[in-house]
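Chemist: Predicted model, plus sequence, below.
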Amino acid sequence: MTRPTPGAQLDLAGTLVGIRRMAPLSLFVIVFGLAFGVAALSRGLSGLEAVLMSALVFAGASQFAALELWGPQIPLLPLIAITFAINARHLLMGAAIQPWLAHLPARQRYASVVLMSDSNWAMAAADYRSGATNVGMLVGGGIALWLAWVLGTLLGVAFGSGIEQPERFGLDVIMGCFLLAMLVGGQRDLGMLLPWAAAALAALAAMAWLPPHAHVIVGALAGGLAGLLLPSRGETPS
């Protein structure tokens, strides 16, 4: 008979550890924030509006997508649809760590995911798989990334110039490579290739034939469905 996994806990020490572990990646986030600040000014936002958007929204891809629709007349419904499509992955990300957070008090549980992004979620998910009980990585990592994003935006609006096209330097793939490394680092099960392949193929097909950003939802749903269809592997009886 297996013993239940201990419930999660959240304290200041764990949060500080999360901030420290996320600090190196946060340096790259400053560059993205700087690029957003510059781009926001070029699209007609004031410096205050750009900084407030970064501080209150904290969703880089969605913010850049919003700038593409920014103008005298803002198409509200397409803006909402694109924002939802880009961030729909958070539904699955939250569900993946829900069993870990379920033991926290409600106020801590919901506060823990306010600053959840790809990078701190990936590191927290890795901690969860390894049996860690402190969710400080999720909270502290989110704080570090949020501070870096706001700081970068401040630098962008303060100097009015910077890196407008981070893809020219390969900086646009840093987050994706980091997330992939965190997700597969502890996996040695070839069966996991099936949902990854299903998600990748579905996302590529959606990018070719469906509206922009639909590949986020399609890829996530395809990978999740493939994972559900995998035969369950029961524990070896002791």
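Modeler: Sure, I can see it.
Chemist: Stretch 131-143: which residues count as buried?
Modeler: Within stretch 131-143, the residues scored as buried using 16 or more other CB atoms under 10 Å are 132, 134, 135, 136, 137, 138, 139, 140, 141, 142, 143. In short, each C-beta sits where N, CA and C put it, glycine included.
Chemist: any idea whether the first one is helix, strand or coil?
Modeler: With DSSP: H, G, I helix; E, B strand; the rest coil as the basis, residue 132 sits in coil.
Chemist: Residue 32: what's its closest spatial neighbour, skipping adjacent residues?
Modeler: With CB to CB, 6 or more residues apart in numbering as the criterion, residue 32 has its nearest non-adjacent residue at 5.6 Å, and that residue is residue 60.
Chemist: same check, this time on residue 37
Modeler: Take residue 37 and drop its neighbours on the chain: the residue closest to it by CB to CB, 6+ apart is residue 156, 2.0 Å away.
Chemist: mind checking how far that neighbour is from residue 209?
Modeler: Computed as CB to CB, to the nearest Å, the residue 156 to residue 209 distance reads 35 Å.
Chemist: cool, and residue 63?
Modeler: Distance, residue 63 to residue 209, by CB to CB: 26 Å.
Chemist: okay, those two: which has more neighbours?
Modeler: Between residue 63 and residue 209, residue 63 has the larger neighbour count (other CB atoms under 10 Å), namely 22 against 10.
Chemist: mind checking which helix or strand the more buried one is in?
Modeler: Element membership of residue 63, judged by DSSP states H and E, is helix 60-68.
Chemist: shaky segments in this structure?
Modeler: For the chain, the stretches flagged by pLDDT under 70 are 1-7, 160-192, 212-213, 216, 231-238.
Chemist: Show me the domain layout of it.
Modeler: Per automatic domain parsing, the domain ranges recorded for the chain read 12-188, 189-230.
Chemist: Phi first, then psi, for residue 70.
Modeler: Dihedral pair for residue 70: phi -80, psi 140, per degrees, to the nearest 10.
Chemist: Name the nearest residue to it, sequence neighbours excluded.
Modeler: Leaving aside its chain neighbours, residue 70 sits nearest to residue 43 (4.6 Å; criterion: CB to CB, 6+ apart).
Chemist: do residue 123 as well
Modeler: residue 137 (5.2 Å).
Chemist: residues touching that neighbour, list them.
Modeler: For residue 137, the contact set (CB atoms under 8 Å, 6 or more residues apart in numbering) comprises 14, 17, 18, 21, 22, 120, 123, 124, 127.
Chemist: got the CA positions of the stretch of helix or strand it belongs to in PDB?
Modeler: With secondary structure defined by DSSP H and E, residue 137 is part of helix 136-159. Output of helix 136-159 as PDB, limited to C-alpha atoms (Å, rounded to 0.1, in the frame of the first residue of the first chain):
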ATOM      1  CA  GLY A 136       8.100  28.600  -3.300                       C
ATOM      2  CA  MET A 137       9.600  27.900  -6.800                       C
ATOM      3  CA  LEU A 138       6.200  28.800  -8.400                       C
ATOM      4  CA  VAL A 139       5.700  31.900  -6.300                       C
ATOM      5  CA  GLY A 140       9.300  33.200  -6.000                       C
ATOM      6  CA  GLY A 141      10.000  32.400  -9.600                       C
ATOM      7  CA  GLY A 142       6.900  34.300 -10.700                       C
ATOM      8  CA  ILE A 143       8.000  37.300  -8.600                       C
ATOM      9  CA  ALA A 144      11.400  37.300 -10.200                       C
ATOM     10  CA  LEU A 145      10.000  37.200 -13.700                       C
ATOM     11  CA  TRP A 146       7.400  39.800 -13.000                       C
ATOM     12  CA  LEU A 147      10.000  42.200 -11.600                       C
ATOM     13  CA  ALA A 148      12.300  41.600 -14.600                       C
ATOM     14  CA  TRP A 149       9.400  42.200 -17.100                       C
ATOM     15  CA  VAL A 150       8.400  45.400 -15.500                       C
ATOM     16  CA  LEU A 151      12.000  46.600 -15.200                       C
ATOM     17  CA  GLY A 152      12.600  45.800 -18.800                       C
ATOM     18  CA  THR A 153       9.500  47.700 -19.900                       C
ATOM     19  CA  LEU A 154      10.700  50.700 -17.800                       C
ATOM     20  CA  LEU A 155      14.000  50.700 -19.500                       C
ATOM     21  CA  GLY A 156      12.400  50.500 -22.900                       C
ATOM     22  CA  VAL A 157      10.100  53.500 -22.300                       C
ATOM     23  CA  ALA A 158      12.900  55.400 -20.500                       C
ATOM     24  CA  PHE A 159      15.500  55.200 -23.300                       C
END
